[in-house]
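*Asks:* 3D model of this:
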Amino acid sequence: MDSGISMRTAIYTTTSFAIPTTAVQQQDILRQIAADLGWQIVCVHSDRQIEASSRRRSARLGYHALCHAVRAGKVDMVMVATVAVI
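*Replies:* Below you'll find the predicted structure:
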């Protein structure tokens, strides 16, 4: 199913003990959805939940890189597998 609009898309994944899928599994699922919709993946960022705890926000390198890409206008859309940990 092609939406007819090519969206520059970023993928952001997180992993933790509470999330039953790996970053690669999440990325594969999101890549398939993007392909089905005709969206172009322009970047992929990932963090481990243990690194993303409130005590170590500075360690969320993937999230910070994603935010930089969004602010720089490099992406039109961000895909995530879960928003429970963002």
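
*Asks:* just the strands in this protein please.
*Replies:* 8-15, 40-48, 77-80 (DSSP state E).

*Asks:* Of those, flag the one that's most buried.
*Replies:* Highest mean neighbour count among the strands of the chain (mean count of other C-beta atoms under 10 Å): strand 8-15, with a mean of 22. (Each C-beta comes from the backbone N, C-alpha and C, glycine too.)

*Asks:* TSV please, covering the strands of the chain and showing distance to Ala34 and mean pLDDT.
*Replies:* Putting the strands of the chain into TSV (distance: least, C-beta to C-beta, whole Å; pLDDT from 0 to 100) gives the following:
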stretch	distance to Ala34	mean pLDDT
strand 8-15	5	94
strand 40-48	6	94
strand 77-80	7	95
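
*Asks:* got JSON lines for those, with distance to His68 too?
*Replies:* Output for the strands of the chain, formatted as JSON lines (distance: least, C-beta to C-beta, whole Å):
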{"stretch": "strand 8-15", "distance to His68": "11"}
{"stretch": "strand 40-48", "distance to His68": "10"}
{"stretch": "strand 77-80", "distance to His68": "12"}
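
*Asks:* Mind checking the pLDDT average for stretch 59-69?
*Replies:* Averaging pLDDT along stretch 59-69 yields 92.

*Asks:* Would you mind telling me which of the strands of the chain is nearest Thr22?
*Replies:* strand 8-15 (6.2 Å; C-beta to C-beta).

*Asks:* quick one: strands adjacent to the closest one?
*Replies:* As defined by DSSP bridges, the strand partners of strand 8-15 come to strand 40-48 (parallel), strand 77-80 (parallel).

*Asks:* Please name whichever of the strands of the chain is nearest to Tyr63.
*Replies:* So among the strands of the chain, strand 40-48 is nearest, using C-beta to C-beta, at 5.6 Å.

*Asks:* The spatially most central residue of the chain: what's it in contact with?
*Replies:* The centroid of the chain falls nearest to Tyr12 when counting by C-alpha atoms, centre = their mean (1.2 Å). Tyr12 makes contact with Val44, His45, Ser46, Gly62, Tyr63, Leu66, Val78, Met79, Val80, Ile86 under the criterion C-beta atoms under 8 Å, 6 or more residues apart in numbering.
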